[in-house]
Each structure stands twice: as C-alpha cells, then as structure tokens.
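[1] Below: sequence and its predicted model.
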There are 2 protein chains.
Amino acid sequence: MSHPEYNVKVIGIIKTEFETSENTPIQPGFSQSIGRAIIQSEYVSGLKSLNTFSHIYLIYWFHKAKSPILLVTPYLDNEQHGLFATRAPARPNPIGISIVQLIRIENDTIVFKGADMLNNTPLLDIKPFARIFDYRENVRDGWLSGRDTEKALADNRFEA
Amino acid sequence: MSHPEYNVKVIGIIKTEFETSENTPIQPGFSQSIGRAIIQSEYVSGLKSLNTFSHIYLIYWFHKAKSPILLVTPYLDNEQHGLFATRAPARPNPIGISIVQLIRIENDTIVFKGADMLNNTPLLDIKPFARIFDYRENVRDGWLSGRDTEKALADNRFEA
C-alpha cells in the first residue's frame, strides 16, 4: 500500500516526576502523581471550556519507547499477548493515551492528577473525557480480568 | 522549541459505510454500524489475545479533516468551545479515538460495531478497552452534560 506521510506536531510538553520508566505507574488510574502539561502558546486558546470537565484524555508520543515487538509479555501477566492486546509503549505508532483528572488550568499549563508518563513527554492532543461518550455496557476486560493492577509499576522492558 | 519529527505509520485501513461526513454518527457509542479494520500483514501477529476483550480502541488519522480552528462550535452546542474541549476532527494532530465493540477477528480483519469514521480511514493503533483502566469515579461531563447526543449526526463543517 502506498500512503501519504503523516507527521505529528508537538503541541506541548508533559512534566512529571518520572525520569525513567522504572517505578513509573503503568496506568493513570493507579497514580496519584501530579503532572503538568504545558501547551505551546499558539494552541492555548483551544483550551477554552476544557475546565468544565473533571477528566481529560492526554494523547502523547512515547518518545523513549523501543522498537515494537509484536508478541509481548506485559506487566500484568506471565503469558505472551499480541502487542495490540496490551498497552505496552513499544508500538508501531508509540501513541499513549492517559485519562487524567483535571485539577486546574493556569494560562498555558494544565495541572492534572494521574501522571503515568515520563518527564518531558511530547503532547499531541487533548480531548474531553465524558461518560456519555466513553462508557460502555457489558464490558469484558479480556486477559486483564482479575489481574492485581493496583500495585503495578513499570520496569524498563519497553524502554530504549 | 525544536523537536525531532515524528511520523506515523499506517498499520491498516478501516472500512465503513460512510463515504462523507454528512450523516456519519458523531460518536461510536451512538452507532450500530458495522465496520472492518484490515490490518497490514506484517502486524497481524500483534492481534493475539485481542479477541478476549469485548471492546477495543481504534486510533486513526482523520484523513479528510480540515485545518484546525482553535475555537469551534461543535455538533452538540451553539456556543464556541476551545478545540481541545471538543472531539472535532480538525485538530493540530487529527488523531481520532473510537471505542468500538469487537465482534470477531478473521485473519487480518477486525469486525466491529460502532463505526463512526469515514471509509478508508488510516488506522494507527489498536488498544484493549478495559474497565480497570478506563473507568473513573465522579466524572463530570462538562459542557456536554445533558446534551441530546443520541440522534446527533455529523455534517460537513470539519471536512476538507
């Protein structure tokens, strides 16, 4: 297949306390850590009304991720799964999505709870999280069902 | 700021019944339409175990989106909101995220319910949707609260 090339633009930088993946929470829902997303000035006007939401999606680039491996042993299991059945960061497109709690917006800075990304992660997009869009009935959590997720922290297995 | 350039790879193509945005559902949760994501052969092994999940994220490129406008009037309101407080497709990075119901996987093809993207949309990533990762307590839906979302269909306002 031949395709046009799509380039992503960095619209901001995410500041967190995590300098390496070791001991970084593997998911934002298990993190109490405060982070800051600093938006480039040209995009700040796009934040209007965002503060009416309690939670937002941060969409970012896993800038430290290794090359993808299509069968991986994720943090929460001892068995191999297909990469697309996991949230491992080493992906063909290393795009990360975190649902975080919005604390406040100060000029160009979004302060949030639930940091699970490395310091200086490039931000690509922000979307509002909303129950009317993002909840589903009869969800089956697949191989993740019953995993002890609360205490899970990352190691360096997916980091370059 | 100077940044390395990040390019996205097209890992597959999403086939739907929607050739133009007019009358396309604005969200997958309001769509009963069946779609197919056809994965490039080199990535098919990464689908292992994905069929244990009832719902998945499809992450894709809004290939028909207009240039972004930072203040927009979205489908569900008459007031302007910041682009990042909406799901409008015309974004600095036109990355779309749809939570769809997985029906079955046949070789290189994921059959799903909840199509809300245009036919031939380039697919960038697939992630498992899981309550243990993706549900939050005390969610406030912001300006979307109480909007009559069920019947909403798109027009061409965000399409090139």
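    In hand now; what should we look at? Numbers count the residues shown, from 1 in each chain, chains lettered A, B, ... in the order given.
[2] wait, A:Val111 sits on A:Arg36?
    Yes. Between A:Val111 and A:Arg36 there is a contact under CB atoms under 8 Å: 5.6 Å. Where you see a C-beta, it was placed from the backbone N, CA and C, and this is true even at glycine.
[3] how far out from the middle of the chain is stretch A:122-137?
    12 Å (CA atoms, centre = their mean, to the nearest Å).
[4] ugh, wrong one, I meant stretch A:109-117
    On the basis of CA atoms, centre = their mean, stretch A:109-117 sits 10 Å off its chain's mean C-alpha point.
[5] can you list contacts of it?
    A:14, A:16-18, A:24-39, A:47, A:50, A:56, A:58, A:60, A:62, A:96, A:98-105, A:126 (CB atoms under 8 Å, 6 or more residues apart in numbering or on different chains).
[6] now do stretch A:143-159
    Contacts of stretch A:143-159 (CB under 8 Å, 6+ apart): A:20-27, A:30, A:64-66, A:72, A:75-77, A:79, A:81, A:85, A:88-90, B:49, B:52, B:128, B:130, B:132-133.
[7] Pull out the buried positions in that stretch.
    A:143-144, A:149, A:154, A:157-159 (16 or more other CB atoms under 10 Å in any protein chain shown).
[8] Tell me if the helix-or-strand element of chain A with minimal mean pLDDT is near chain B.
    Lowest on mean pLDDT, DSSP states H and E among the helices and strands of chain A sits helix A:131-134, with a mean of 91. Yes. Judged by CB under 8 Å from any CB of the partner chain, helix A:131-134 comes into contact with chain B at A:131-134.
[9] In PDB, could you pull the C-alpha coordinates for that helix?
    Provided in PDB are the C-alpha atoms of helix A:131-134 (Å, rounded to 0.1, in the frame of the first residue of the first chain):
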ATOM      1  CA  ARG A 131     -19.300   9.300  30.300                       C
ATOM      2  CA  ILE A 132     -21.800   9.900  27.600                       C
ATOM      3  CA  PHE A 133     -19.100   9.200  25.000                       C
ATOM      4  CA  ASP A 134     -16.700   6.800  26.800                       C
END
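[10] tell me which residues of it are tucked away?
    Buried residues in helix A:131-134, counted by 16+ other CB under 10 Å: A:132-134.
[11] Likewise for stretch A:40-54?
    Using 16+ other CB under 10 Å as the test for burial, stretch A:40-54 gives A:43-44, A:46-54.
[12] of the buried residues of stretch A:143-159, the lowest pLDDT goes to which?
    Ranked by pLDDT, the buried residues of stretch A:143-159 bottom out at A:Thr149 (68).
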